[in-house]
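J.: Okay, structure incoming, though there's no sequence with it:
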């Protein structure tokens, strides 16, 4: 999938701009901690976060699979995708700058608690799905039973997450039934921007 600078013109901060993000968009400095300036990949991380978490992003609108979307965003941002540990810390929001910048970006510029909740719940939802899909293991029947019970609890949480997501989608769509009908069957926030 190939993107042009113009594909992101509707965003406050175009992640495909030619200059450094903080130079092109000084307002971003409002959410960047001074201690982050030593990070060599700061500009790349900012671009990546905007590509993935801005609901108006063309990448969000065109790619429904969050993990695939993150891979495309990393490529576009020119992050070191060959460094597996590093790139996983970015994808999983374990990198200290990525998590903090994303939260600040959502609070300061996206300004939608519902969108932030959708992003967080979806990430949690897919983690739970991954856990349910893992095989039941145990060295003895007690450990296997514990594993079965744990999966049962996770399945209940998945049901609750789906209901929560439905609620937040309704709020995010502003109770617009036409938009809700178009979104039926979609579980990812990546498709939301296309509908707005």
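T.: Everything's here; your move. These numbers were taken from a predicted model, which means no experiment stands behind them.

J.: Give the residue spans of this protein that score low on pLDDT.
T.: 1, 172-196 (pLDDT under 70).

J.: Show me where it has its helices.
T.: Ranges of helices within the chain are 21-24, 42-53, 58-62, 66-77, 84-91, 96-105, 113-133, 141-172, 177-183, 192-195, based on DSSP state H.

J.: Most tightly packed of the ones you listed?
T.: helix 42-53 (a mean of 23; mean count of other C-beta atoms under 10 Å). All C-beta spots, glycine's among them, are computed from the backbone N, C-alpha and C.

J.: Give me the angle between that one and helix 113-133.
T.: If you take axes from the mean of the first three to the mean of the last three C-alpha atoms, to 10 degrees, helix 42-53 sits at 90 degrees to helix 113-133.

J.: Please name every helix or strand in contact with helix 42-53.
T.: Helix 42-53 sits against helix 21-24, helix 58-62, helix 66-77, helix 96-105, with contacts defined as 3 or more C-beta pairs under 8 Å, 6 or more residues apart in numbering; DSSP states H and E.

J.: and that helix, how far from the chain's centre?
T.: From the chain centre to the centre of helix 42-53 is a distance of 11 Å (C-alpha atoms, centre = their mean, to the nearest Å).

J.: likewise stretch 135-153?
T.: The answer for stretch 135-153 is 31 Å, by C-alpha atoms, centre = their mean.

J.: which outside residues touch that stretch?
T.: 131, 132 (C-beta atoms under 8 Å, 6 or more residues apart in numbering).

J.: could you redo the last one with a cut-off of 7 Å?
T.: residue 132 (C-beta atoms under 7 Å, 6 or more residues apart in numbering).

J.: swap in stretch 2-20?
T.: For stretch 2-20, contacts defined as C-beta under 7 Å, 6+ apart pick out 21, 24-25, 28, 43, 47, 50-51, 54, 56-59, 76, 109.

J.: farthest-separated two in those residues?
T.: For the contacts of stretch 2-20, the farthest-apart pair by C-beta to C-beta is 43 and 56; their separation is 20.4 Å.

J.: In this structure residue 31 contacts residue 107, no?
T.: No. In this structure residue 31 lies outside contact range of residue 107 using C-beta atoms under 7 Å: 8.1 Å.

J.: Mind checking which of these two has more residues around it?
T.: residue 31 (18 against 13; other C-beta atoms under 10 Å).

J.: Roughly how far does the closest residue to that one other than its chain neighbours sit from residue 44?
T.: Take residue 31 and drop its neighbours on the chain: the residue closest to it by C-beta to C-beta, 6 or more residues apart in numbering is residue 104, 3.7 Å away. Per C-beta to C-beta, to the nearest Å, residue 104 is found 17 Å from residue 44.

J.: hmm, back to that, so which of the helices and strands packed on helix 42-53 gets nearest residue 171?
T.: Residue 171 lies closest to helix 58-62 among those, at 18.2 Å (C-beta to C-beta).

J.: All good on my end, thank you.
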